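Enquirer: prediction below, plus the sequence it came from.
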Amino acid sequence: MLLRPTLEQFEVHFATTHPDLPRRAGITEATILPDCNQDQPLNSLRCLLAAARLVFRLRPDVVISTGAAPGLFCVLMGRLTGARTLWIDSIANAEQLSLCGKLSRWMSTRCLTQWEHLADNDRPGYAGNLL
Amino acid sequence: MILVTVGMQLGFDRLIRAVDELAPDLVMPVVAQTGKGTYKARNIRTLESISPSEFDGMIKQTSLIVAHAGIGTVLTAQRFGKPLVLFPRRASFGEHRNDHQLATVGQLDGRPGIVVAYEESDLRDAILRGLATEMKGVAEETAARRERLTSAVDRFIRTGNL
C-alpha cells in the first residue's frame, strides 16, 4: 500500500489473497486470489488458474508483485502474455531471498530485494526500501 | 504509556515476563498485547489481541513501543513516528521456526528511532534509551529511502529500467 500513490498514476488493478486488505484501503475493484503455499499442491493449482484467468483477461502492460506464490504466478502469466514484470521481495526477508524471490530471478523481467546486502548483480538488485 | 506487542500469531512469554518484571521501575504504565502466551503478568495490563483500529488509537498515546522484531510492527512504529525497542524471537527458545528476527534486528540496529535488546538483561537499558530517543528528522530519513524505491518502480513502469 505504500506504493499505491506511485501505482495510481497509471491504470492499476490490485490482486491479493485477503478480502480485508482492499476493503480497509477502500479499493473496490480488487481481485481476490486463493491463497496457497508450496505445501498445498491443490490450492496452488487453483491459484495458478485464477492468476492465469486474471492476467489473460486484463492483459496488463506491467505486472508488479510484492511477494508470495500468488504474486509469482501473476508474474509468470505476465511473462507469457508479454508484460514487463517486476518482483519486489518482501522487507521481511532480511536473511535471504524468499523461495518465490529466488524463482522470480528466473521468471521476472527484473527483481529487487529491499536489503542492500542481499543484492547480487541486479538479480536481485537493490533500489531502496519501504522501511 | 509503553505499549508492548508480540504480533497476532505466536506468544512471546520471554518478552512479556521480562517487561512485567521491569514494570515497577518504569515511570509509566505498560500495556501488553500478548498473543497466545501463557505467562500471567502481575504488574502490567495484558490483552491477548488488539483490533487494528483500537491499536491505532492506543498507539497515539504511546511514548514507546517494545516489540518482537516483526516487520509489521516496525512499519507501524514508523507510521506513527514512535521510538521502538526490538527484542528478537529466538528459534532456540521455540519462539519461531528460525532466527530470521535476529537477522532483521542485525540490519535495523543503529537506525534512528530503533533500539535493539538482544537479551532480557539488555531490556532495561534499551527501554530507557528508547524513551529518551529524539524522533525529529527520523521520518525524513525514512522518506528518502522510500522515495528511492517508489521512483524506481515509477521508472520501471514507464521505461522498463529501474
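Expert: Sure, I can see it.
Enquirer: quick check, the residue in chain B closest to chain A?
Expert: Closest residue of chain B to chain A, C-beta to the nearest C-beta: residue B:148 (2.9 Å). The way it works is simple: take the backbone N, C-alpha and C, and place the C-beta from them, glycine included.
Enquirer: could you give the bridge partners of the residue nearest the centre of chain B?
Expert: Residue closest to the mean C-alpha point of chain B, counted by C-alpha atoms, centre = their mean, is residue B:67 at 3.6 Å. In this entry, residue B:67 is beta-bridged to residue B:5, residue B:86, by DSSP bridges.
Enquirer: wait, doesn't the residue of chain B closest to chain A sit right on residue A:130?
Expert: No. Using C-beta atoms under 8 Å, residue B:148 is not in contact with residue A:130, being 10.1 Å away.
Enquirer: who has more neighbours, these two?
Expert: residue A:130 (19 against 13; other C-beta atoms under 10 Å in any protein chain shown).
Enquirer: what residues are up against that one?
Expert: Contacts for residue A:130 (C-beta atoms under 8 Å, 6 or more residues apart in numbering or on different chains) come out as A:2, A:3, A:91, A:114, B:75, B:145, B:146, B:149.
Enquirer: ok, residue 8 - how many residues close by?
Expert: Reading this off chain A. 11.
Enquirer: nope, chain B
Expert: 14.
Enquirer: go through the contacts of residue A:130 and flag which are in helices.
Expert: Among these, the ones falling in helices (DSSP state H) are B:75, B:145, B:146, B:149.
Enquirer: and the last one, how many neighbours?
Expert: In terms of burial, residue B:149 registers 23 neighbours under the definition other C-beta under 10 Å.
Enquirer: by mean pLDDT, which helix or strand of chain A comes out lowest?
Expert: helix A:20-25 (a mean of 88; mean pLDDT, DSSP states H and E).
Enquirer: how near is the residue nearest to the centre of chain B to residue B:155?
Expert: Distance, residue B:67 to residue B:155, using C-beta to C-beta, to the nearest Å: 34 Å.
Enquirer: ok, now residue A:105?
Expert: Computed as C-beta to C-beta, the residue A:105 to residue B:155 distance reads 20 Å.
Enquirer: more neighbours: the two, which one.
Expert: Set residue A:105 next to residue B:155 and count neighbours by other C-beta under 10 Å: residue A:105 wins out with 16 against 13.
Enquirer: how far away from the center of its chain is the helix or strand where the more buried one lies?
Expert: Element membership of residue A:105, judged by DSSP states H and E, is helix A:99-107. Counting by C-alpha atoms, centre = their mean, to the nearest Å, helix A:99-107 is centred 11 Å from the centre of its parent chain.
Enquirer: hmm, it touching chain B?
Expert: No. Helix A:99-107 stays out of contact with chain B when judged by C-beta under 8 Å from any C-beta of the partner chain, the minimum separation being 13.3 Å.
Enquirer: check residue A:80 and give its pLDDT.
Expert: Per-residue pLDDT puts residue A:80 at 97.
Enquirer: which residues in chain A form helices?
Expert: According to DSSP H, the helices that chain A contains are A:4-7, A:20-25, A:41-58, A:68-80, A:99-107.
Enquirer: show me what the shortest one is packed against.
Expert: Read it as helix A:4-7. Where contact means 3 or more C-beta pairs under 8 Å, 6 or more residues apart in numbering or on different chains; DSSP states H and E, helix A:4-7 is packed against helix B:138-159.
Enquirer: who are the packing partners of the helix it packs on?
Expert: helix A:4-7, strand A:62-65, strand A:84-88, strand A:110-113.
Enquirer: so which bits of chain B are right by chain A?
Expert: So chain B meets chain A at B:52, B:71, B:74-75, B:78, B:99-100, B:103-104, B:106-108, B:142, B:145-154, B:156-157, B:160, B:162 (C-beta under 8 Å from any C-beta).
Enquirer: looking at the helices of chain A, which is buried most?
Expert: Neighbour counts (mean count of other C-beta atoms under 10 Å in any protein chain shown) averaged over each of the helices of chain A peak at helix A:68-80, with a mean of 22.
Enquirer: identify the residues contacting it?
Expert: A:15-17, A:33-38, A:44, A:47-48, A:51-52, A:54-56, A:60, A:62-63, A:65, A:84-85, A:87, A:90, A:98, A:100, A:103-104, A:107-109.
Enquirer: with stretch B:141-153 instead?
Expert: With C-beta under 8 Å, 6+ apart, stretch B:141-153 has contacts from A:2-3, A:5-7, A:64, A:86, A:88, A:112, A:114, A:127-131, B:78, B:112, B:162.
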